[in-house]
Every structure is written in structure tokens, then in C-alpha cells.
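Colleague: Can you look at this prediction? I've put the sequence above it.
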Amino acid sequence: MERTDWPVGWDVHTDSAGLIPQVLAWRAIYPLYQPIVDLATRALVGVEALARGPAGSPVEFPDALFPAAVRAGLLPQLDQLCAARALEIAREAGEIVPPLLFVNAEPAAMNHPLAPDLIAAITSPRLFRIVLEFTERALATHPAGLLDIAHGVHCGSGALALDDVGAEPLSLAFLPLIEPEVVKLDMHLLREPHAAATVDTAATVCAYAERAGAMVLAEGVETEDDLATAQSLGAQWGQGWLFGHPGPLTALAGRPVHRYARLRSARPDLHLPTGTPFDLASMRHYARSGSQQTVDALTGYLMSLAARAGPHAVVLGAFPNPVVGAGWLPALTAVAETAAFVGIVGPAMAGADPHPVRVAAAPATGPAGTETDLAVVGPHATAALCARPGPGDCLEFVLTHEPDSVHAMARLLLRRLGTAPERPDPSIADRSSSPITAIR
């Protein structure tokens, strides 16, 4: 069936939300594919799948298709159908497909059980590696869910890409926690290459790429000048009209392909560490003993570090009793005015006023329930403190500035925060009001 054909039995006058059940029943998604190239050679390294509904329909383009699915209450089903169709068509195209296929996904939808057709598309033999792509908007609403999704992608030998980096502070803030294999620079950076924000973003991304072995990809490359700018910002790969508009995979025939384009190998254990933050810290670093006054002083040190960490910082904590949590709130509320994300988890605090700190009431059982943990993750300041009761009146504690340890501890805290019932936060609701489209 061609994209210009309307399936028999469709009511073209139905409201766009009412068309979504028909799209699902007929599997009427017709993805286009946009080239991704190596900037040095212009050889293809991958393609990005972009969803389209039936041509000429009210839901042909993603800006209508996905909002209609939201109104119909069928976004997860549509999201997964888009992914399945993108993979099926690419698999059927055979060797014409470059080594990497980028597929956009909405984490809230991907948290649902996978549909049989998507499972079949993922597990079927194929010549390309899947790169799951998401935007910074997902980080505000489903930060813990992203860790689950990232784990699943790596278990399937796939890779991750973070899109629109530089558009909002959250994207840079969550880079070291999600650790994507590909970082996609937002296209506005190419238009303002000398702006202070662009220079800061590019420097932070390049530092991350050096440490993590990731690739930097520039979006919106439309001219030769854009290409030169992208390379000056540190991008090795590019995407944009200079290299090709979205189209069918057959349009790639005859183009040179970088068959040896590779990304970092999958690491299934990275995103879901086990144990408690203290367990992780004490495995690598010396655990000390001290008084409550010592631990309080070190907590104050981390709070001051968080206050200076800037707009790309993530601050996470866990407290063993409401008194500790309530004592943290004034300092963390001040930090939340500049940091990208601040969240703490622990027993419920009665009577706490609304504030910009995401607070989740989830008292942990076992050893984790006795720990006091605080982690600061930022591009220029990374540190964590873990403390638990020791012999007598002493406390055992670990203070570390080693990035890998701090990041692992922060992932544990992020998962606890994400799985707990949380207080409504108007500032977060405002940031997440626009639905995240799946394959755009």
C-alpha cells in the first residue's frame, strides 16, 4: 500500500483523535529516513526514522499525529507501532541500510509492555544496530524510567542518543547519568556558534565525549558553512538538508556508506547498579568513622558545592528520617533556583510547603533505610557523601569526588526517586506539558 492510498473503510471526516484507532488497526505508519553522515568523508553512518501517517490525512505529520494519539489515550500503542514499522521496513531493505538506525522513543510509552510486533522487530536478525533516541523533555518527567529503558536497550546490544542537547539545561545535566553513545547538538547552536551558551554547551559535550567515548552529532546542517561550524563545535557526525531530506530508503542507493562506523559497546550493568550508595562507595573508597557533627559539616560542604554547581547540575539525596529531610529543604530549595534538577527521597514529611525540590515519600527497607546520602553531579563539580550508623555513637561515612562512583550512586538515588509516589510540582508540570513525540 502506497503512502498516498487511504485504507478502504476509513472515514476521512473523523476527528484526528478518532483516526488513531484506524491507524493502529491498519498499521498505517509510513516512516521516512533522513541520512546521518560522517562529516569528514560525508559517507553514511546511519539514518533517523521519522514517522508519517497516511499522506494527505489529518494525521500525516507528527505535529498532528502524536497529539491526536494523546487525546485518544493511545500514545503508547502508536509510539510502539512507529518503532516497529521503522525497524520492519529497514530490515526488509537489506544492505542498503547504513550500520545505525536511529529510532525516536517516548519513555512513558516505552515503559509499557512491548507489543508482540515490536518485540519481533527488535529480536529479528538485522544488519544494523538500533540507536534509541530521546529528548531532554523526557528527563524532567521520567528520569528514573529512562534508566530502565537504557538498561533494556543495552541488554539488546543497542545504543542511546540524547537529542536537542543545548536546548534546555536538563540535557547537559543528565548526560553523565544516562551516558548516551551519541550526543545530538541542537540546531540552534549552529546559528549562534559564538554565543557564550553555545561555547559552554559545546565544551561540556566534548568533555563528556572524551571521557565516555561518545560521538557528537550536529543537527540542522544545511550549508557548507554549517558543516564547518559543526566541526568547529566538536561534531564528528552530522544530519541536515545538506546531506539529504527525509525520504524512502531507496533514495540512499549508490551513496557511499561507512560500513565500519561503530559506537561504544553496550554495557547492560551500567544503568541499574545494585546495592546501596554506601555499598558502592565503600567498595572503591575508604570508609571513615566520625561524629554526627563531622557528617553535618560535610553535608554543609556538599550543599555549598551544589549551590555553586550552576544550571547543569543534578542534586539527589536520601534521608533516613523526616527531621533530616526537613533540615535539608531550605538549602536545597535555594539550590533548585539554579540547578537543573533537585530531588530527595525518604519518609514523608508532614506539613511541608510546596517547593521546587522533587520530594518522594518512600522509606527504604533494610540497609538503605538507615543511610544518609547526598550526591552532586555537575560538569565542574562532582561529589557524594554516604553515611550510616556505626559502632557506638559513631557514623561510618564515605566522601568521594570520583565521577564514576558518584554517577553510579546518583543512579541508585534517581531510581528510588522515580519509583516513589511524589508530591506534585507545578514547575515540573509546566516543563512537561508538551507530549514527547515518538518517531518524528
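Modeller: Looks like it came in fine. Numbers count the residues shown, from 1 in each chain.
Colleague: tell me the domain ranges of this protein?
Modeller: Listed domain ranges for the chain are 16-252, 277-431 (source: automatic domain parsing).
Colleague: So which of these is nearest residue 266?
Modeller: Each of those has some distance to residue 266 by Cβ to Cβ; the shortest is domain 16-252, at 4.0 Å. Backbone N, C-alpha and C define where each C-beta goes, glycine included.
Colleague: Tell me how many other residues surround residue 401.
Modeller: Look at residue 401: counted by other Cβ atoms under 10 Å, it has 13 neighbours.
Colleague: cool, residue 47 as well?
Modeller: Residue 47 sits with 31 neighbouring residues when counted by other Cβ under 10 Å.
Colleague: which other helices and strands contact the helix or strand hosting it?
Modeller: Assigned by DSSP states H and E, residue 47 falls within strand 44-50. Counting contacts by 3 or more Cβ pairs under 8 Å, 6 or more residues apart in numbering; DSSP states H and E, strand 44-50 is packed against strand 32-38, helix 75-93, strand 100-104.
Colleague: shaky segments in this protein?
Modeller: Flagging of the chain using pLDDT under 70 yields the residue ranges 1-14, 107-111, 136-140, 350-355, 363-364, 419-440.
Colleague: what about the residue of it most remote from its centre, which SS state?
Modeller: Most distant from the centre of the chain: residue 392, at 43.3 Å, with distances by Cα atoms, centre = their mean. Applying DSSP: H, G, I helix; E, B strand; the rest coil to residue 392 yields a three-state assignment of coil.
Colleague: what about it, distance to residue 307?
Modeller: With distances defined as Cβ to Cβ, to the nearest Å, the gap from residue 392 to residue 307 amounts to 33 Å.
Colleague: Give me the distance between residue 82 and residue 129.
Modeller: Remark: distance between residue 82 and residue 129 (Cβ to Cβ) = 19 Å.
Colleague: out of those two, which sits in the more crowded spot?
Modeller: Neighbour totals were compared for residue 82 and residue 129, and residue 82 leads with 32 against 19 (other Cβ under 10 Å).
Colleague: Just to check, the more buried one is in contact with residue 53?
Modeller: No: applying Cβ atoms under 8 Å, one finds residue 82 not in contact with residue 53, separated by 9.7 Å.
Colleague: wait, is residue 386 part of a helix?
Modeller: No: Residue 386 sits outside any helix when classified using three-state DSSP, being strand.
Colleague: Please report the distance of the residue lying closest to it once chain neighbours are set aside from residue 238.
Modeller: The shortest distance from residue 386 to any non-neighbouring residue, by Cβ to Cβ, 6 or more residues apart in numbering, is to residue 278 (4.2 Å). When distance is defined by Cβ to Cβ, residue 278 is 44 Å away from residue 238.
Colleague: between these two, who's got more neighbours?
Modeller: The residue with more neighbours, out of residue 278 and residue 238, is residue 238; 27 against 23, by other Cβ under 10 Å.
Colleague: Quick check: bridge partners of the more buried one?
Modeller: On the basis of DSSP bridges, residue 238 takes part in beta bridges with residue 37, residue 218.
Colleague: residue contacts, it?
Modeller: Residue 238 makes contact with 36-37, 39, 217-219, 221, 227, 230 under the criterion Cβ atoms under 8 Å, 6 or more residues apart in numbering.
Colleague: can you give me the strands for the stretch 51-200 of the chain?
Modeller: Using DSSP state E, counting those that start in this stretch, the strands of the stretch 51-200 of the chain run over residues 100-104, 129-135, 159-165, 182-185.
Colleague: tell me what the last one is packed against?
Modeller: Applying 3+ Cβ pairs under 8 Å, 6+ apart, we find strand 182-185 packed against strand 129-135, strand 159-165, helix 196-212, strand 215-218.
Colleague: Paired strands for it, with orientation please.
Modeller: strand 159-165 (parallel), strand 215-218 (parallel).
Colleague: which element is residue 231 on?
Modeller: helix 224-232.
Colleague: returning to what we had before: would you mind listing the outside residues contacting the strand holding residue 47?
Modeller: For strand 44-50, contacts defined as Cβ under 8 Å, 6+ apart pick out 31-38, 62, 82, 86, 90, 97-104, 128, 131, 133, 237, 239, 246, 249, 252, 255-258, 261, 439-440.
Colleague: Same check on stretch 147-160?
Modeller: Residues outside stretch 147-160 that contact it (Cβ under 8 Å, 6+ apart): 100, 105, 107, 110-111, 122-123, 129-134, 177-182, 263-264, 266-268, 270-272, 411, 414-415, 418.
Colleague: PyMOL command for the buried members of those?
Modeller: Here is the PyMOL command that picks out the buried ones among the contacts of stretch 147-160, judged by 16 or more other Cβ atoms under 10 Å:
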select buried, resi 100+105+107+110+122+129+130+131+132+133+134+177+178+179+180+181+182+263+266+270+271+272+411+414+415+418
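Colleague: Buried residues of the helix or strand hosting the residue nearest to residue 386, list them for me.
Modeller: Remark: residue 278 resides in helix 277-284, with elements defined by DSSP H and E. Burial within helix 277-284, assessed by neighbour count using 16+ other Cβ under 10 Å, is assigned to 277-282.
Colleague: now swap in stretch 253-267 and tell me
Modeller: Taking 16+ other Cβ under 10 Å as the basis for neighbour counts, the residues of stretch 253-267 that come out buried are 257-258, 261, 263, 266.
Colleague: Among those residues, which lie within strands?
Modeller: Nothing among the buried residues of stretch 253-267 maps onto strands, per DSSP state E.
Colleague: Tabulate those (a markdown table), appending distance to residue 16.
Modeller: Rendered in a markdown table, the data for these read as follows (distance: Cβ to Cβ, whole Å):
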| residue | distance to residue 16 |
| --- | --- |
| 257 | 38 |
| 258 | 40 |
| 261 | 38 |
| 263 | 37 |
| 266 | 38 |
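Colleague: Please report the distance of residue 41 from residue 356.
Modeller: Residue 41 sits 47 Å away from residue 356, taking Cβ to Cβ as the criterion.
Colleague: For the closest residue to residue 45 other than its chain neighbours, give me its contacts.
Modeller: Closest residue to residue 45 in three dimensions, ignoring its sequence neighbours and counting by Cβ to Cβ, 6+ apart: residue 261, at 3.8 Å. Residue 261 is in contact with 38, 45-46, 98-100, counting by Cβ under 8 Å, 6+ apart.
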